[in-house]
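Enquirer: Sharing a sequence plus its predicted fold:
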Amino acid sequence: MKQFEMSKAGEYWKLFISGFNFRRHMGRIQDLDSLKEFIVTRSAFIAQKTLYGYVKTRMGTKYPEMFQDQNIIHSLNIAKMHAFDACLSDFCIWAIATAFSRMEMDDSGRAQIALSIFKHGIHENLEESVDEFNPDDAVRAFEDRLASVDWHGAAQTRDQFTLSPTRVVKWAPISDDLKKYDIEYVENSVKFAWANIRRQFEKRLDRDALAQNMGGPAAGVVAEGTPG
């Protein structure tokens, strides 16, 4: 990611989000590459959509002015990395748990795939000018989280999405005096945004092809459907 000084909010915003990888994967999720691309790009999308949506709503008609304030710009760059980190952490675990729910694979294998995708996503979208975000710390925190994941239970449900709703509120460059009125609204908006992404994922997921491309049996199938 790169940091830019622009006088027009619209122009700056295009550059603000341009550091994220937004290639929209429109085909089937049938191998590790397509799985990785979907996870990373949708995590970036949710991070920018919910963070900017909240900031823009809170700033109201004054929001163009914030792009002329270097302190706010820097705060936005910090916020987008922490929001993306949380979105990637939540979605990566859910997507791996869901994609491999019917495949014979031990939990360490699921964790290894999740960690590989998380590392890729963080380093591919890293904003190097932001010292307040440490990618190594993010990876260590994700490794700690993986140690307690229930791959066959909560990880496959919407309850998995615990970090991203709180992190968007925490890091948004809005005063705490105002944030306290917004917590429920913002957290619910993040949760709602994820619901659509989960539907997209399940619609495009080809479990049989994924299993075959992973070299495993296409039918570690135990039941139709996955927990919501």
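Expert: Perfect, I can see it now.
Enquirer: Touching the helix or strand harbouring H120 from outside, list them.
Expert: Secondary-structure element containing H120, defined by DSSP states H and E: helix 107-124. Residues outside helix 107-124 that contact it (Cβ atoms under 8 Å, 6 or more residues apart in numbering): 21, 32, 35-36, 39-40, 43-44, 84-85, 88-89, 92-93, 96-97, 100, 135, 138-139, 142-143, 146, 149, 151. C-beta coordinates here come from the backbone N, C-alpha and C atoms, glycine included.
Enquirer: how about a cut-off of 6 Å?
Expert: Helix 107-124 is touched from outside by 21, 36, 39-40, 88, 92-93, 96, 100, 135, 138-139, 142, 146, 151, with contacts defined as Cβ atoms under 6 Å, 6 or more residues apart in numbering.
Enquirer: nearest to T57, of these?
Expert: The closest of these to T57 turns out to be L88 (Cβ to Cβ; 23.7 Å).
Enquirer: Please name the residues that touch the closest one.
Expert: Residues near L88 by Cβ under 6 Å, 6+ apart: 43, 118, 121.
Enquirer: And H123, what's its pLDDT?
Expert: Here the pLDDT value assigned to H123 is 95.
Enquirer: For it, grab the count of nearby residues.
Expert: Other residues lying near H123 total 11 when counted by other Cβ atoms under 10 Å.
Enquirer: The chain should start at 184 in everything you say after this.
Expert: OK, 184 is where the count begins now, so the last one is H306.
Enquirer: Report the separation between it and F267.
Expert: 12 Å (Cβ to Cβ, to the nearest Å).
Enquirer: tell me which element R323 falls in.
Expert: According to DSSP H and E, R323 maps onto helix 318-329.
Enquirer: Now do that helix and helix 290-307, the angle between them.
Expert: For helix 318-329 against helix 290-307, the angle by axes from the mean of the first three to the mean of the last three Cα atoms, to 10 degrees is 160 degrees.
Enquirer: buried ones in helix 318-329?
Expert: By 16 or more other Cβ atoms under 10 Å, the buried positions in helix 318-329 come out as 318, 321-322, 325, 328-329.
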